[in-house]
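Enquirer: A predicted structure for the sequence below; I have some questions about it.
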Amino acid sequence: MMNDIPNLDELIRMALLEDVGDGDHSTLACIPPSATASAKMVAKQDGILCGMEVGQRVFQFVNDDYYHSLLPIRVTPFKEDGQEVRKGDILMTVEGSSGVILTAERTALNFMQRMSGIATQTHKMVQMLNGLHTQLLDTRKTTPNMRLLEKYAVKCGGGTNHRIGLYDMIMLKDNHIDFAGGIEAAIDRTHAYLEEKGKKLKIEIEVRDLDELQRVLDHGGVDRIMLDNFDVDTLREAVKRIGGRYETEASGGITEATLRPYAQTGVDFISVGALTHHIKSLDISLVKN
């Protein structure tokens, strides 16, 4: 999926520009240009690894763009994205210019720690759905410019990507419905728009209660119904009423403690924004060999 991230090199360059600016003066001040070293990246806690390719690219970019080093930077990976790692595992080794290793360290770790944190939390919640058909979805609640990397991390953790952005799926949320003048008007205008533009996009609509759900069922014209902020009992009733005619998605404040009870209602998808916007990074460090 890394090949599906067309702006990855630009993203890495922007991250390095933010951190390095006109030079890593701490390193330039005390490390001779000719100095070489070897370092290892180590997991300091158990988790699911993600971001290995990004980390490797960071070291290469610093070597080529900032130091213009004639020395090769040799990165040797020992683990792969999506793999379970244990505290103390060596993830990769890096050999080459000491300056390059020191300058690249923090940016490489920032990417990998965050991505691994997302993959780890996703994996944990996916495991809670064992034996059920419900799929765990991410949302658009992502770090600006990091969305594709964060959604890649969700997939590494065993989760499923929802729409990538505003462009690849229609989602009629409460404000769309209210601004459009109601459920029926929002659905009808959407179909007219798609026909006019010659687009074929799936349509999902959000409902806030059973009355709104009934209006959608009576009107039709959607592919998926999002049941927003329903309690477990009401969600179970909603799924029963839908009866498999449309895909179903539960959303709104669902946590680890409530995930499985919600899934046991038979809902097809559960979306959890916290997968990408409220996670703890995995602890990883780089140390000298």
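Expert: That came through, no problem. Residues are numbered from 1 along each chain as shown.

Enquirer: chain center to the helix or strand hosting residue 115, what's the gap?
Expert: Per DSSP states H and E, residue 115 falls inside helix 98-127. Relative to the centre of its chain, helix 98-127 is centred 13 Å away, using C-alpha atoms, centre = their mean, to the nearest Å.

Enquirer: mind listing the strands for the chain?
Expert: Along the chain, counting by DSSP state E, strands occupy 36-43, 47-48, 74-77, 84-85, 90-97, 135-137, 170-172, 203-207, 224-228, 247-251, 269-271, 284-288.

Enquirer: go through these and name the closest to residue 149.
Expert: strand 47-48 (14.6 Å; C-beta to C-beta). The C-beta positions use only the backbone N, C-alpha and C, and glycine is treated the same way.

Enquirer: ok, that closest one: who's next to it in the sheet?
Expert: Partners of strand 47-48 in the sheet, by DSSP bridges, are strand 84-85 (antiparallel).

Enquirer: contacts for the partner strand?
Expert: If you take C-beta atoms under 8 Å, 6 or more residues apart in numbering as the criterion, strand 84-85 is touched by 43, 46, 47, 48, 49, 79, 91, 123.

Enquirer: so how do I select the buried members of these in ChimeraX?
Expert: This is the ChimeraX syntax for the buried subset of these, where burial follows 16 or more other C-beta atoms under 10 Å:
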select :43,47,48,49,79,91,123
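
Enquirer: nearest residue to residue 11 in space, please, no chain neighbours.
Expert: Spatial nearest neighbour of residue 11, excluding adjacent residues (C-beta to C-beta, 6 or more residues apart in numbering): residue 145 at 6.1 Å.

Enquirer: burial of residue 65, as a residue count?
Expert: By other C-beta atoms under 10 Å, 13 other residues sit near residue 65.

Enquirer: pretty sure it sits against residue 9.
Expert: No. Counting by C-beta atoms under 8 Å, residue 9 is not a contact partner of residue 65; they are 10.4 Å apart.

Enquirer: near the nearest residue to residue 4 once chain neighbours are set aside, how many other residues are there?
Expert: Among residues not flanking residue 4 along the chain, residue 148 sits closest, at 7.2 Å (C-beta to C-beta, 6+ apart). When neighbours are defined as other C-beta under 10 Å, residue 148 has 20 of them.

Enquirer: now do residue 208
Expert: By other C-beta under 10 Å, 15 other residues sit near residue 208.

Enquirer: same deal with residue 237?
Expert: 15.

Enquirer: that one and residue 254, how far apart?
Expert: Separation of residue 237 from residue 254 (C-beta to C-beta, to the nearest Å) stands at 17 Å.

Enquirer: what's the answer for residue 76, then?
Expert: If you measure residue 76 against residue 254 using C-beta to C-beta, the figure is 41 Å.

Enquirer: low pLDDT regions in this protein?
Expert: Scanning the chain for pLDDT under 70 picks out 1-3.

Enquirer: residue ranges of the helices in it, please?
Expert: Along the chain, the segments classed as helices by DSSP state H run 8-20, 25-30, 52-61, 98-127, 147-156, 174-180, 183-197, 210-219, 232-242, 256-263, 274-277.

Enquirer: buried set for the first one?
Expert: Of the residues in helix 8-20, 8, 11, 12, 15, 16, 20 count as buried by neighbour count, 16+ other C-beta under 10 Å.

Enquirer: please list the outside residues in contact with that helix.
Expert: With C-beta under 8 Å, 6+ apart as the criterion, helix 8-20 contacts 2, 5, 54, 57-58, 61-62, 65-66, 103-104, 106-107, 110-111, 145-146, 148-149.

Enquirer: let's see it at 7 Å
Expert: 2, 54, 57, 58, 61, 62, 66, 103, 106, 107, 145 (C-beta atoms under 7 Å, 6 or more residues apart in numbering).
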